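Peer 1: for reference, the sequence and a predicted model appear below.
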Amino acid sequence: MSIKDGIYYAELYSEYSALLTENQRSVFEMYCMCDLSLGEIAEIKGVSRQSVSDSVVKTKKVLDETEQKLGILAKKKAIYALIAKLNDKNAVEVGEKIKNVLGDN
């Protein structure tokens, strides 16, 4: 997994980990956050490398599909970008854009 993908999935995990099973959380944390190999995780868990791979793939799919449906991470990033541009002169305009991102038109 590339660094960019790792960061993306860590962000998704931060938003949606509560929707995963305990095993999915455990395996994904070891893989993504601890940077353990599939083989290392398999040894720790006492399962096959293939089952660890399947779990990682399924977890990524769940995270991707959840973000696609809810878009919480994308909205959060858009809001943070707008906040970074906020100053006294554009406060009303930025406030309106934030409302648009949130769907509060």
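Peer 2: Cool, the structure landed.
Peer 1: does Y31 touch E40 like I think?
Peer 2: No. Applying C-beta atoms under 8 Å, one finds Y31 not in contact with E40, separated by 9.2 Å. Backbone N, C-alpha and C define where each C-beta goes, glycine included.
Peer 1: who has more neighbours, the two?
Peer 2: Here Y31 and E40 are set side by side on neighbour count (other C-beta atoms under 10 Å), and the busier one is Y31, at 23 against 15.
Peer 1: can you pull up the most central residue in this protein?
Peer 2: L12 (0.7 Å; C-alpha atoms, centre = their mean).
Peer 1: ok, now how distant is V92 from L86?
Peer 2: Distance check for V92 against L86: by C-beta to C-beta, to the nearest Å, it reads 10 Å.
Peer 1: those two: who's more crowded?
Peer 2: Each of V92 and L86 has its neighbours counted (other C-beta under 10 Å); L86 has more, 14 against 8.
Peer 1: go through the protein and flag its longest helix.
Peer 2: As assigned by DSSP state H, the longest helix anywhere in the chain is helix 49-70.
Peer 1: so what's the residue count around S17?
Peer 2: Around S17 sit 14 other residues, with neighbours defined as other C-beta under 10 Å.
Peer 1: ugh, wrong one, I meant D54
Peer 2: Using other C-beta under 10 Å, D54 has 14 other residues around it.
Peer 1: what does the one 10 residues further on give?
Peer 2: Taking other C-beta under 10 Å as the criterion, the count of residues near D64 is 14.
Peer 1: contacts only, for it.
Peer 2: Under the criterion of C-beta atoms under 8 Å, 6 or more residues apart in numbering, the contact partners of D64 comprise L12.
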